[in-house]
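Undergrad: What shape does this take:
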Amino acid sequence: MSNNIDPNTMSIIVTKGTLDWAYPPFIVGTTAAAMGLDVTMFFTFYGLPLLLKDLNLQISSLGNPAMKMPMMGMHMGMPNIVSAIPGIDAAASKMMKNLMSKKGVATIEELREFALEAEVRMIACQMTMDLFEYSFDEMIDGPELGGAATYVEVATQSHINLFI
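TA: Numbering: from 1, shown residues only. Okay, the predicted model is just below:
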């Protein structure tokens, strides 16, 4: 292993697959790639579905008291108990998608495509694929299969390592 780590390298472990948690790794990863960094994203557990061809991303307000949406001229939070009502997550997801569209925020599909164009290395966790019975045919073209050892090899050579 080399002691000379390239300062222009970044690895990101992507562990969450809700709409709101999909944005940080893709925004940071694509921004870093646009700035000339060599970026690797390792998708594992609930982050792995972000590589599926068909995305139907939702958000959940459960356990997220900081989630406040701009409504009626203020920022309104949603108590956890409200999350138990059927259809709340779907409604909140629709509101979030509408807000993002209105504000010109790129979709996850667009950010994912940009990541591929920017040559971000995307690795789908083999163990997670097996555990949750995903097929590589269900995934977008571009990612490669790898395991924890693949990620560790990348991380030990990366200047910046993020867990999102």
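Undergrad: all helices for the chain, in order.
TA: Along the chain, counting by DSSP state H, helices occupy 19-34, 88-102, 108-117, 126-131, 148-155.
Undergrad: could these be laid out in JSON lines, adding mean pLDDT, distance to residue 53 and mean neighbour count?
TA: Glycine gets a C-beta too; all of them are placed from N, C-alpha and C. As requested, the helices of the chain are exported to JSON lines (pLDDT from 0 to 100; distance: least, Cβ to Cβ, whole Å; neighbours: other Cβ atoms under 10 Å):
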{"stretch": "helix 19-34", "mean pLDDT": "96", "distance to residue 53": "15", "mean neighbour count": "19"}
{"stretch": "helix 88-102", "mean pLDDT": "78", "distance to residue 53": "19", "mean neighbour count": "14"}
{"stretch": "helix 108-117", "mean pLDDT": "96", "distance to residue 53": "10", "mean neighbour count": "16"}
{"stretch": "helix 126-131", "mean pLDDT": "97", "distance to residue 53": "14", "mean neighbour count": "15"}
{"stretch": "helix 148-155", "mean pLDDT": "96", "distance to residue 53": "22", "mean neighbour count": "15"}
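Undergrad: if we compare these, which one ends up closest to residue 141?
TA: With respect to residue 141, and counting by Cβ to Cβ, the nearest of those is helix 108-117 at 8.1 Å.
Undergrad: Find the residue at the geometric middle of this protein.
TA: Nearest residue to the geometric centre of the chain (Cα atoms, centre = their mean): residue 22, 3.1 Å.
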